[in-house]
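Colleague: Pasting the sequence and the predicted coordinates here, then a few questions.
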There are 2 protein chains.
Amino acid sequence: MKLTHDILLEAKAAAPALLVTGTETKNDALLRMADALIRNTDAILAANAVDMDAAKGKISEVMLDRLMLSASRIEGMAKGIREVAALPDPLRVIKRVERPNGMVIEKTAVPMGVIAIIYESRPNVTSDAAALAIKAGSACVLRGGKEAFHSGLAIVSALREGLQEAGLPETLVSLIEDTTRESARELMLAVGLVDLLIPRGGAGLIRACVEEAKVPCIQTGTGICHIFVDESADLEKAVRIIENAKASRPSVCNAEEVLLVHEKVAEKFLPMLKKALVDDRKARGEKPVELRLDKKAAAIIDGVPAGERDFDTEFLDYILAVGVVKDVEAAIAHIALHSTGHSEAILTENEENAALFTRLVDSAAVYVNCSTRFTDGGEFGLGCEMGISTQKLHARGPMGLEELMTYKYIVKGNGQVR
Amino acid sequence: MKLTHDILLEAKAAAPALLVTGTETKNDALLRMADALIRNTDAILAANAVDMDAAKGKISEVMLDRLMLSASRIEGMAKGIREVAALPDPLRVIKRVERPNGMVIEKTAVPMGVIAIIYESRPNVTSDAAALAIKAGSACVLRGGKEAFHSGLAIVSALREGLQEAGLPETLVSLIEDTTRESARELMLAVGLVDLLIPRGGAGLIRACVEEAKVPCIQTGTGICHIFVDESADLEKAVRIIENAKASRPSVCNAEEVLLVHEKVAEKFLPMLKKALVDDRKARGEKPVELRLDKKAAAIIDGVPAGERDFDTEFLDYILAVGVVKDVEAAIAHIALHSTGHSEAILTENEENAALFTRLVDSAAVYVNCSTRFTDGGEFGLGCEMGISTQKLHARGPMGLEELMTYKYIVKGNGQVR
């Protein structure tokens, strides 16, 4: 097994190659990486079969499905890389100023250096993340879940063929071979070797990074997303938005977990909600949403009484915590206490309340009259996404190529002194 | 003594007041803060006298001068606040996109929330930092050095008068009363209460923050700045630039600490350097620069032999480490190993070498043919400065108002679902 530290040293040594190469070479490398994936389909599927055999019976069906590759999924991965190649190069002059003394200052977006990503079992993240990092001009160190190890190794081996064909060092993309917790910890502590660490995973991983990381780190993904139905909301519209936010894909981080309803419309709205999310879905043979109700809500409709933790849980399932609040201020206060800062929405026809909500709610994306499910790089028009940042430093919300860059000031003069 | 934790809770509770107030109120508060400083000149000078009495004989003359206030220095502080009031409000829509489904997405610069600043003995930092934080829409928690404690308290008390007159909570600006290391540590660990921590101080403080901080943190200030004199440099110009970078104000972080000279011009250039930095300065009665020479440089001119740590030291004094290198690549490699990522310069008439240097040197500011002393918010045209970031995440180089903000996405729809 190759030591994590040695892999990082190789990545650090390889990174400058992307500082002196042009956009064309980077894109050429990406297209060759895509081709190499397709060309190595058989080897990748064989490696994936090893992972699948080992995982069967040990992880859930949902996780097994995420782990499984097929020729068409590999084609999808290659397509993803080609799409990244087609995006504009994020290396650019952000601002150019000529100073009175004749100095020209260019604030210039430049690569981070080495980007490390810790993720879980989806093998496609391996190629997505590598492609974005290369396009952003950084070397990429990938630390995937152990269930996907053989798949990851086969994918990285193919991607490296593409890099070599383009005349770039293959060590620009590496997979960490140690899949124990120790290697994740090593990445968190690798000051001077890791310029940006992106943990993509469950709340435990994110917490470990906040607690332990000494390298620059971006928290992603945990979403306890709230929707508040205001007194003036269009209730028909509200039902449709909430069903979409909760039930269109409950396993993702931008799905709604908590519903807050203004007390003046609760009597009218909650029965409509129950009909749509429980009764109608049952009648259509769709999975109904389990409603976990606070006391006020439980006095109006039937459901499960909410437990102590239900307003602080990312269910990622067909479960919705429902509470009745006094007004928009109370909703804002509840969200300040319980949100993870991902995505929240107000449904209202009152512009003043919408303005108050968008100003005071301290989350990456704050919506008025639409679904929280839109928090996504593609939906926001970024063209791609490395994850959703829930922190305030550097990047917030969907992270596209721009958010994978840093900047520096390049200053040109002809002898100026101060 | 008020507990640090309680001060943070008050700041967190006060911060939303700036989210709902307009630019006018913020500016009104700043102008009133400036007036209140002037009005309280006597009280501030009396408090400063207490600090000065306690400090005499315990800290250096340079430090005593930094600590000392006068009516004109207080006027300068008030003027600084008025200048911040006159700057444009950094709260703004950065990018507005209308999506094909009719949703309007506004990427909006918004305040951080609570900004904590750890600094040392200069009392003017208290008012500068508070003014910048308020203008950036954030509450401000200040933790100054214990030498300046009474001065800081008097200044904050005046600033709070201004806030109250403007109808804002006085707890938007607070001074930490515990001046032991423990309070600095508390700020570093105050997850959920401190949204941004800016340590401004020596290498020890910065290192402690990197090692221990669990809140978002920006490293500032440590500058081991390099200048490389290339083979093709205009040597007369080079001497002037180096004298400026080293000797115009050696105590600041953008001063040069290390000089690297291309071996092909060292024989000619080093005697010119010694004449200008040592002999001519002596002749003019100015403090000469002590040259600490590597072996190759010592074979050409007289000076002090460089010790083991001289190429890794922020001297902040009339001392310059001087080394001879093979070429621009060797200079870049030396800088990669020894720089703190603050400011570096190449002096060259060769455009290819300039391009290589600006691309590969991984520092906040990279100069061609001018002095490193320009790394400064005012000199860069930012209008103000909270410090110089030497990290790559979020902000790099001089931090103006823009760098004290985060952003969020405000998304408005009329029922869109995904």
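Modeller: All right, it came through fine. Numbering: from 1, shown residues only, chains lettered A, B, ... in the order given.

Colleague: For chain B, give me its nearest residue in the stretch 251-400 of chain A.
Modeller: Closest approach between the stretch 251-400 of chain A and chain B, counting by C-beta to the nearest C-beta: residue A:370, at 3.1 Å. For every residue, glycine as well, the C-beta is placed using N, CA and C.

Colleague: What about residue A:122, how many residues nearby?
Modeller: 21 (other C-beta atoms under 10 Å in any protein chain shown).

Colleague: So what does it have for phi and psi?
Modeller: phi -80, psi 110 (degrees, to the nearest 10).

Colleague: now it: how far from residue B:110?
Modeller: 32 Å (C-beta to C-beta, to the nearest Å).

Colleague: and if you look at residue A:399?
Modeller: Taking C-beta to C-beta, one finds residue A:399 at 18 Å from residue B:110.

Colleague: How many neighbouring residues does the residue nearest to residue A:383 when sequence neighbours are not counted have?
Modeller: Setting aside the residues directly before and after it, residue A:383 is nearest to residue A:87 in space (C-beta to C-beta, 6 or more residues apart in numbering or on different chains), at 5.0 Å. Residues near residue A:87, counting by other C-beta under 10 Å, number 18.

Colleague: Same check on residue A:66?
Modeller: Based on other C-beta under 10 Å, the number of other residues close to residue A:66 is 19.

Colleague: name the element it belongs to?
Modeller: Here residue A:66 sits within helix A:61-67, counting by DSSP states H and E.

Colleague: How far does that helix sit from its chain's centre?
Modeller: 19 Å (C-alpha atoms, centre = their mean, to the nearest Å).

Colleague: Which strands or helices does it pack on?
Modeller: Contacts defined by 3 or more C-beta pairs under 8 Å, 6 or more residues apart in numbering or on different chains; DSSP states H and E place helix A:61-67 against helix A:41-55.

Colleague: buried sites along the helix it packs on?
Modeller: A:41, A:44-45, A:47-48, A:51-52, A:55 (16 or more other C-beta atoms under 10 Å in any protein chain shown).

Colleague: Any regions of the stretch 51-200 of chain A where pLDDT drops low?
Modeller: In the prediction, the stretch 51-200 of chain A carries no residues with pLDDT under 70.

Colleague: Now it against chain B: closest residue?
Modeller: residue A:97 (5.4 Å).

Colleague: Identify the residues contacting that residue.
Modeller: Residues in contact with residue A:97, defined by C-beta atoms under 8 Å, 6 or more residues apart in numbering or on different chains, are A:104-105, A:107, B:380-381.

Colleague: roughly how far is the biggest strand by length in chain A from the heart of the chain?
Modeller: What stands out as the longest strand in chain A, according to DSSP state E, is strand A:405-416. Chain-centre distance of strand A:405-416: 33 Å, with C-alpha atoms, centre = their mean.

Colleague: ok, it near chain B or not?
Modeller: Yes: Strand A:405-416 comes into contact with chain B (C-beta under 8 Å from any C-beta of the partner chain), by way of A:406-416.

Colleague: Repeat that for stretch A:137-154.
Modeller: No: in terms of C-beta under 8 Å from any C-beta, no part of stretch A:137-154 sits within range of chain B; the closest distance is 10.4 Å.

Colleague: Just the terminal-to-terminal distance for that stretch.
Modeller: 23 Å (C-alpha to C-alpha, to the nearest Å).

Colleague: Now do the buried residues in it.
Modeller: Buried, per 16+ other C-beta under 10 Å, within stretch A:137-154: A:137-145, A:147-154.

Colleague: What of stretch A:336-356?
Modeller: For stretch A:336-356, by 16+ other C-beta under 10 Å, it's A:338-348, A:353-354, A:356.

Colleague: can you tell me which of the buried residues of helix A:41-55 lies nearest to residue A:312?
Modeller: Set against residue A:312, the nearest of these by C-beta to C-beta is residue A:55 (30.8 Å).

Colleague: Pull the contacting residues for that closest one.
Modeller: A:63-64, A:67, A:147.

Colleague: Show me which pair in those residues is furthest apart.
Modeller: A:64 and A:147 (9.0 Å).

Colleague: just how off-centre is stretch A:57-72 within its chain?
Modeller: That offset, for stretch A:57-72, works out to 20 Å (C-alpha atoms, centre = their mean).

Colleague: Stretch A:177-194 now?
Modeller: On C-alpha atoms, centre = their mean, the centre of stretch A:177-194 falls 20 Å from that of its chain.

Colleague: Check stretch A:51-59 too.
Modeller: 26 Å.

Colleague: Can you give me the end-to-end span of it?
Modeller: Note: stretch A:51-59 ends 11 Å apart using C-alpha to C-alpha.

Colleague: Please apply the same query to stretch A:301-313.
Modeller: End-to-end for stretch A:301-313, by C-alpha to C-alpha: 22 Å.

Colleague: touching chain B at all, it?
Modeller: No: against chain B, stretch A:301-313 shows no contacts by C-beta under 8 Å from any C-beta, the least distance being 13.5 Å.

Colleague: neighbouring contacts of that stretch?
Modeller: Applying C-beta under 8 Å, 6+ apart, the set of residues contacting stretch A:301-313 is A:224, A:257-258, A:270-271, A:273-274, A:290-295, A:297-298, A:321-323, A:334, A:338.

Colleague: Quick one, which of these are buried?
Modeller: A:224, A:257-258, A:270, A:273-274, A:291-294, A:297-298, A:321-323, A:334, A:338.

Colleague: related to what we said a few turns ago, so what sits opposite the residue of the stretch 51-200 of chain A closest to chain B in the bridge?
Modeller: residue A:105 (DSSP bridges).

Colleague: Leaving out sequence neighbours, find the closest residue to residue A:402.
Modeller: With C-beta to C-beta, 6+ apart, the residue lying closest to residue A:402 is residue A:90, at 5.4 Å.

Colleague: dump the residue contacts of the one you found.
Modeller: Here residue A:90 is in contact with A:109, A:135-137, A:401-402, A:404-405 (C-beta under 8 Å, 6+ apart).

Colleague: Return the residues of the stretch 201-350 of chain A in contact with chain B.
Modeller: The stretch 201-350 of chain A has residues A:210-211, A:214, A:216, A:234, A:237, A:240-241, A:244-245, A:248 near chain B, with proximity defined as C-beta under 8 Å from any C-beta.

Colleague: what number of residues lie near residue A:317?
Modeller: Residues near residue A:317, counting by other C-beta under 10 Å: 15.

Colleague: give the contact list for it.
Modeller: By C-beta under 8 Å, 6+ apart, the neighbours of residue A:317 are A:250-251.
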